[in-house]
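Enquirer: everything below, folded, please.
(one chain, ligands or ions: 1)
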Amino acid sequence: MKPSEKIDVVLIVPVHQATDDQLRSHYRVHEYFRVKDQGPDAQAAFFKALEHCEIAVTTGSSGIKAPLIDQLPSLRLIACFGVGVDGVDLGHARSRGISVTNTPDVLSDEVADFAIALLLASLRQLPQADRFVREGAWLKGPMPLSRSLQGKRVGIVGMGRIGQAIARRCEAFGVSLAYHGPRAKPALAYRYFDRLIELAQWCDCLIVACPGGADTAGLISREVMLALGPAGYLINISRGSVVDQPALVELLQTHGLAGAGLDVFVDEPQVPAALTVLPHVVLSPHVASASQETRSAMGQLTLDNVAAFVAGRPLLTAV
Ligand code: 8YV
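Expert: Numbers count the residues shown, from 1 in each chain. Just a heads-up that it's a prediction; the model follows:
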């Protein structure tokens, strides 16, 4: 197909390279992220050329906000690469009759694996152990003892697809398990706490797996973290916005918490310098779903949703 015959797609932020390649082989891709910091003339020309563009591709966390949606008068589909759609102004998209898709299920096991990896890395101090060997500290004596996962109580905040995948893995470790969410799920055998603060009091390790967005902003408050207590560990593979980050930093600094394993932050890729110097924190750069296999599956689902839209077929995973 000649480029001029291809359907226009506006790419809001960069995505996974193989997905980007596929997108370009089928569609004419216009990169918003390259013009967004340019002057008004360049932006006006960009949007003028996209007056008839019906499709936007973005990530769920960067999303697309109302002012940008309104620069695209013909927009009918926002296809998100990712399960979370907290970056999309959903209310505005709905009011304009724009469909939104995401990539659920294909990443649940991967993200759950990573949550367990962060949990074990935090308790057993895996990055610290690696540094201990590399820096030659072992030659001077043994590494200080870590904490066991055995016999611990694990609380999960958000018992959706990813929360349930984490819970299944926790079962294999023989830990006690309970969860909190907006409502109990009677089909699940796990103990339910309708008050998050009580779950935090009960558990030793709190894993955050709920969606981001306005409904959960600051849910893991200072009060919740105080309830988790000085022997408690916080693991977050959800969104930085769910946790009161300044309070988390302060409690880690003052040993109000024993440790944390964090894949997500409030203002990514910015990570508070105060966190990076704490020895009892394990940090990762929002990579819970970032294996080659899972990113390919997410990309395929994103492309399949776009193809379904173009062909007039039902969307595979509409939000
Ligand atoms: C990705 C995610 O990091 O699926 C999500 O909601 O946060 C991640 O899988 C993101 O979508 C892509 O960069």
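
Enquirer: what separation do you get for Y179 and the ligand?
Expert: 20 Å (Cβ to the nearest ligand atom, to the nearest Å). C-beta: built from backbone N, CA, C; applies to glycine.

Enquirer: wait, I meant F173
Expert: Remark: distance between F173 and the ligand (Cβ to the nearest ligand atom) = 24 Å.

Enquirer: not counting sequence-adjacent ones, nearest residue to that residue?
Expert: Counting by Cβ to Cβ, 6 or more residues apart in numbering, F173 lies nearest to L149, which is 5.8 Å off, once chain neighbours are set aside.

Enquirer: also L206?
Expert: Leaving aside its sequence neighbours, L206 sits nearest to G155 (Cβ to Cβ, 6+ apart; 4.7 Å).

Enquirer: quick check: the one you found is in a strand.
Expert: Yes - assessed with DSSP: H, G, I helix; E, B strand; the rest coil, G155 lies in a strand.

Enquirer: quick revisit: quick check, pLDDT for the residue nearest to F173.
Expert: What the model reports for L149 is a pLDDT of 98.

Enquirer: could you do the one 5 residues further on as well?
Expert: The score at V154 is 98. That number is its pLDDT.

Enquirer: tell me who's in contact with it.
Expert: Residues near V154 by Cβ atoms under 8 Å, 6 or more residues apart in numbering: 119, 170, 175-178, 203-207.

Enquirer: I'd like those residues laid out as TSV, including pLDDT and neighbour count.
Expert: Formatted as TSV, the contacts of V154 follow (pLDDT from 0 to 100; neighbours: other Cβ atoms under 10 Å):
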residue	pLDDT	neighbour count
L119	98	25
C170	98	23
V175	97	19
S176	97	15
L177	98	22
A178	98	18
C203	98	27
D204	98	20
C205	98	25
L206	99	27
I207	99	29
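
Enquirer: just these: which are in helices?
Expert: 119, 170 (DSSP state H).

Enquirer: show me the contacts for the single nearest residue of the stretch 101-250 of the chain relative to the ligand.
Expert: The ligand sits closest to L107 of the stretch 101-250 of the chain, with a gap of 5.5 Å, by Cβ to the nearest ligand atom. Going by Cβ under 8 Å, 6+ apart, L107 touches 82-83, 162, 289, 294, 297-298.
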